[in-house]
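Peer 1: sequence isn't available, so here's the structure alone:
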């Protein structure tokens, strides 16, 4: 483990940042608050978490607050709440409120089906932005891919915008929807929403099923190259990003067999039952925070996060 001698100032407070042995800072935590979901997406990988592991014993809002307090002292300040479907937790607003004092940014990724119901409360709790999965604008295709109702998702997007929440669209490119990416870009541009265009990873589904659905993103990147007014690479995970004439930013996310992404990964993951997961692709090592949480031992939680940082490594390497 290496702890950087550099210090980062957040909110007027000087913090030591954890740096792993590959020189990567640890600044982000992706928290799966539940594996329960009300959609049945054909591509679902459940964040790389075995289903039997985390259906029970979901952490409480107070426990998330303890983790954020410990993590914040170590320089982790960016939190992404995900699932399953995080809005199935009726205490999701309380979770955000518990994390908020220790965070520079809290975002949430959702299928959007319950967003209209929670948008106002999420805004008041201090959410910074929300990623909404939108894989088709055709009701039949959307139903086939997700098992959900497109109209509910579009209503959720509209309500979130009405209450002033910043949104980003997540579009997963598949053989069933790849011809729609221009329409999705037009939709995002209409509402001024940035986008992630995401490549399907072979996780949680059989290899032959993955091959039957997977499409490369080269064609989409070529299209973006032709229309963008500017291109840059995000520091986080080396993600290529295109600024379009409409002003929106479209980011390409290639999460499989991509050493450039892995070498710029600053994230650790947390399972619904309180285990640190070092990488979406790794199920051979978990660090259990639950005993320390039961004791409300913030110092012990810090020790375990430091241990996780020591063990963290890029999954794909050159």
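Peer 2: That came through, no problem. From a predicted model like this one, the values you see are computed outputs, not experimental measurements.
Peer 1: and stretch 284-302, how far apart are its ends?
Peer 2: Distance across stretch 284-302, first residue to last, is 22 Å (C-alpha to C-alpha, to the nearest Å).
Peer 1: ok, residues contacting it?
Peer 2: The contact list for stretch 284-302, computed with C-beta atoms under 8 Å, 6 or more residues apart in numbering, reads 57, 59, 63, 66-67, 69-71, 73-74, 270-271, 273-278, 304, 307-308, 311. Any C-beta I mention is one placed from the backbone N, CA and C, and that applies to glycine too.
Peer 1: how about stretch 121-136?
Peer 2: Under C-beta under 8 Å, 6+ apart, the answer for stretch 121-136 is 92-93, 96-97, 100, 105-112, 115, 141-142, 145-146, 150, 153, 156-157, 160, 163-172, 174, 176-177, 180, 184, 187, 196.
Peer 1: out of these, which sit inside helices?
Peer 2: 92-93, 96-97, 115, 141-142, 145-146, 150, 153, 156-157, 160, 184, 187 (DSSP state H).
Peer 1: host element of the residue nearest to the spatial centre of the chain?
Peer 2: Central residue of the chain (C-alpha atoms, centre = their mean): residue 80, 5.2 Å from the mean position. Using DSSP states H and E, residue 80 falls within strand 78-82.
Peer 1: and that strand, what does it pack onto?
Peer 2: strand 28-32, helix 92-99, strand 105-110 (3 or more C-beta pairs under 8 Å, 6 or more residues apart in numbering; DSSP states H and E).
Peer 1: could you redo the last one with a cut-off of 10 Å?
Peer 2: Strand 78-82 sits against strand 28-32, helix 61-73, helix 92-99, strand 105-110, strand 129-133, strand 267-270, with contacts defined as 3 or more C-beta pairs under 10 Å, 6 or more residues apart in numbering; DSSP states H and E.
Peer 1: in TSV: these, plus mean neighbour count, distance to residue 85 and mean pLDDT.
Peer 2: Below are the helices and strands packed on strand 78-82 laid out as TSV (neighbours: other C-beta atoms under 10 Å; distance: least, C-beta to C-beta, whole Å; pLDDT from 0 to 100):
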stretch	mean neighbour count	distance to residue 85	mean pLDDT
strand 28-32	22	11	98
helix 61-73	21	17	98
helix 92-99	22	10	98
strand 105-110	21	7	98
strand 129-133	21	10	98
strand 267-270	23	17	98
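Peer 1: out of these, which gets nearest to residue 51?
Peer 2: Closest of the helices and strands packed on strand 78-82 to residue 51 is strand 28-32, at 11.7 Å (criterion: C-beta to C-beta).
Peer 1: list the strands paired with the closest one, with their directions.
Peer 2: Using DSSP bridges, the strands paired with strand 28-32 are strand 78-82 (parallel), strand 267-270 (parallel).
Peer 1: ok, for residue 65, nearest residue in space, not its chain neighbours?
Peer 2: What sits nearest to residue 65 in space, not counting adjacent residues and going by C-beta to C-beta, 6 or more residues apart in numbering, is residue 98, at 3.4 Å.
Peer 1: same question for residue 42.
Peer 2: Closest to residue 42 by C-beta to C-beta, 6+ apart is residue 145, at 5.9 Å.
Peer 1: residue 39 is in contact with that neighbour, correct?
Peer 2: Yes: shown here, residue 145 and residue 39 form a contact pair, counting by C-beta atoms under 10 Å, at 9.2 Å.
Peer 1: quick one: which of the two has more around it?
Peer 2: Higher neighbour count among residue 145 and residue 39: residue 145, with 22 against 18, using other C-beta atoms under 10 Å.
Peer 1: need the contact list for that one.
Peer 2: 39-43, 133, 135-136, 138, 172, 174, 176-177, 213 (C-beta atoms under 10 Å, 6 or more residues apart in numbering).
Peer 1: got the buried residues for stretch 258-267?
Peer 2: 258, 261-267 (16 or more other C-beta atoms under 10 Å).
Peer 1: ignore the last one, stretch 228-240
Peer 2: 228, 237-240.
Peer 1: ok, the residue nearest to the centre of the chain to residue 29 distance?
Peer 2: 7 Å (C-beta to C-beta, to the nearest Å).
Peer 1: so residue 231, which state does it fall into?
Peer 2: strand (DSSP: H, G, I helix; E, B strand; the rest coil).
Peer 1: excluding chain neighbours, what is closest to it?
Peer 2: residue 242 (5.3 Å).
Peer 1: now do the strands in this protein.
Peer 2: 2-10, 13-19, 28-32, 78-82, 105-110, 129-133, 166-173, 194-199, 230-234, 239-243, 249-253, 267-270, 275-277, 286-288 (DSSP state E).
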